[in-house]
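J.: can't give you the sequence, but here's the structure:
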Ligand SMILES: Cc1cc2nc3c(=O)[nH]c(=O)nc-3n(C[C@H](O)[C@H](O)[C@H](O)COP(=O)(O)OP(=O)(O)OC[C@H]3O[C@@H](n4cnc5c(N)ncnc54)[C@H](O)[C@@H]3O)c2cc1C
């Protein structure tokens, strides 16, 4: 029996489990392969929905579906938290002391938010990167009629590098619709010398910020927040006052990864094409937890899942894996409340940013709805 274990039932793990159930259908039915998906949360969460929650366009419940409704019945689904990985003995340990052996393992445990890493941030900052944060921000925005709104990207890397730019363009448009924009000053801050890690998106966002009267602050590395006086202090020695701070908190990988010796900083060190861990045999990583030189994005997790499904299926059948990942990343970017653009790129490529349009906005909304078919492996 060839045992395949996937840890994490988010975008990457769910797409992968369903792909493998299809690719290894005959081996699973013959009892030659066992496929297990272990995930801590009984709900699958589609995080891109959170971008719309602060504007009252979606609810947190819209982002969730029970994972057992999404996963193929040929997959053994275990709801539980893996607390230790022994890559020498090829075993996973659970909180209830049970153990699971594997022949091939995939880590798809995502990224964690760490607002407490910056003094004052948990008290002084809002965000839309998780369910509670998005709801609190919605309530705060509903009451925000005047003052200085600061969108600050505090830590990189973070999930969906485009989302802070999208939020800024959306909040500008939304406040205009509400007739409140004239009384609200908007500032966007980013840690490096431009508005985004990718130059073409940075240039695009800079032009739009100028057009829409959004102040851009670059080389802005947040050191501390003073929530009582509503001041951001930076490593560069500057200070910025705010009335409403929307801060993308620092992200962290997983202690599981560090303890297993798979990556010093919690992200799994992998070969960027094969997605195989560099520090252990028969271990792969996909999605946000994999340290590859592209965005931490659901589209990346999705394409990586396809590649890893092919490689694992080949190994399970005793053939040499040939599929590789070229860094393919696609992303729809909202440019306001009813216009969006679309980019696609591979490793080392600079994306071309299309003119924003209404059809691209509808395409983004349509993609978000059809995501539930994608997760099931139907698209
Ligand atoms: C506001 C926002 C907007 C976004 N917009 C976009 C977008 O437009 N396009 C896009 O492509 N991406 C977008 N993203 C990013 C996208 O959501 C993530 O990149 C994607 O979810 C990563 O998938 P993943 O499988 O790596 O991790 P996740 O989807 O985060 O799943 C990780 C899973 O692992 C489980 N887990 C963790 N640790 C353990 C453990 N020890 N044991 C068992 N289970 C465990 C968790 O419970 C979870 O189910 C956005 C993200 C945010 C926050």
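T.: Noted; the coordinates are in hand. In this text the structure is predicted, and so the values were computed from the model without any measurement. Numbers count the residues shown, from 1 in each chain.
J.: wait, what's in contact with residue 325?
T.: 272-275, 292, 303-304, 307 (C-beta atoms under 8 Å, 6 or more residues apart in numbering). C-beta here means a position set from N, CA and C on the backbone, and glycine is covered the same way.
J.: hmm, I was thinking of residue 51
T.: Residues counted as contacts of residue 51 (C-beta under 8 Å, 6+ apart) are 128, 163, 166-167, 170, 334.
J.: one more time with 7 Å
T.: By C-beta atoms under 7 Å, 6 or more residues apart in numbering, the contact list for residue 51 reads 128, 163, 166-167.
J.: how much space between the residue of the chain positioned farthest from its centre and residue 109?
T.: The C-alpha centroid of the chain is most remote from residue 30, which lies 36.2 Å away (C-alpha atoms, centre = their mean). Between residue 30 and residue 109 the computed distance is 30 Å (C-beta to C-beta, to the nearest Å).
J.: so residue 261 sits in a helix?
T.: No - under DSSP: H, G, I helix; E, B strand; the rest coil, residue 261 falls outside any helix and is assigned coil.
J.: what would the contacts of residue 325 look like in CSV with pLDDT?
T.: Formatted as CSV, the entries for these read as follows, by pLDDT from 0 to 100:
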residue, pLDDT
272, 98
273, 98
274, 98
275, 98
292, 97
303, 97
304, 98
307, 98
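J.: so which of the residues you listed comes closest to the ligand?
T.: The closest of the contacts of residue 325 to the ligand turns out to be residue 304 (C-beta to the nearest ligand atom; 8.6 Å).
J.: quick one: that closest one is in a helix?
T.: Yes - secondary structure assignment places residue 304 in a helix (three-state DSSP).
J.: and the residue most central in space within the chain, bridged to which residues?
T.: In the chain, the C-alpha closest to the average C-alpha coordinate belongs to residue 159, at a distance of 3.7 Å (C-alpha atoms, centre = their mean). Counting by DSSP bridges, residue 159 is bridged to residue 296.
J.: still on that earlier bit, most widely separated two among the contacts of residue 325?
T.: Within the contacts of residue 325, two members stand farthest from each other by C-beta to C-beta: 274 and 303, at 13.7 Å.
J.: hmm, the host helix or strand of residue 342 in reach of the ligand?
T.: Using DSSP states H and E, the element containing residue 342 is strand 340-345. No - in terms of C-beta under 6 Å from any ligand atom, no part of strand 340-345 sits within range of the ligand; the closest distance is 9.9 Å.
J.: Go through the helix or strand just after that strand and flag the buried ones.
T.: Proceeding N to C from strand 340-345, the next assigned helix or strand is helix 358-375, under DSSP H and E. Burial within helix 358-375, assessed by neighbour count using 16 or more other C-beta atoms under 10 Å, is assigned to 360-361, 364-365, 367-368, 371, 374-375.
J.: repeat for stretch 307-324
T.: Neighbour-count burial for stretch 307-324, with 16+ other C-beta under 10 Å as criterion, is recorded at 307-313, 315-316, 321, 323.
J.: Of all pairs in these, which one is the farthest apart?
T.: Greatest spacing in the buried residues of stretch 307-324, by C-beta to C-beta: 307 and 316 (15.1 Å).
J.: give me every residue that touches the residue of the stretch 101-250 of the chain found nearest the ligand.
T.: Of all residues in the stretch 101-250 of the chain, residue 110 sits closest to the ligand, at 2.6 Å by C-beta to the nearest ligand atom. For residue 110, the contacting residues are 8, 10, 287-289, taking C-beta under 7 Å, 6+ apart as the criterion.
J.: And for residue 159?
T.: Contacts for residue 159 (C-beta under 7 Å, 6+ apart) come out as 47, 111, 129, 251, 288, 296.
J.: cutoff 8 Å now
T.: Taking C-beta under 8 Å, 6+ apart as the criterion, residue 159 is in contact with 47, 111, 129, 251, 288, 296-297.
J.: The stretch 151-300 of the chain against the ligand: which residues are in contact?
T.: In this structure, the stretch 151-300 of the chain approaches the ligand at residues 159-160, 163, 256, 287-289, 296-299, judged by C-beta under 6 Å from any ligand atom.
J.: switch to 5 Å and redo it
T.: If contacts are counted using C-beta under 5 Å from any ligand atom, the residues of the stretch 151-300 of the chain sitting beside the ligand are 159-160, 163, 287-288, 296-299.
J.: In those residues, find the pair that's most separated.
T.: Once C-beta to C-beta is applied, those give 163 and 287 as the farthest pair, at 16.0 Å.
J.: Mind checking which of these two has more residues around it?
T.: Summary of the neighbour comparison: residue 163 and residue 287, criterion other C-beta atoms under 10 Å, with residue 287 having more neighbours (30 against 23).
J.: my guess is residue 368 contacts residue 48, does it?
T.: Yes - with contact taken as C-beta atoms under 8 Å, residue 368 and residue 48 are classed as touching, separated by 6.0 Å.
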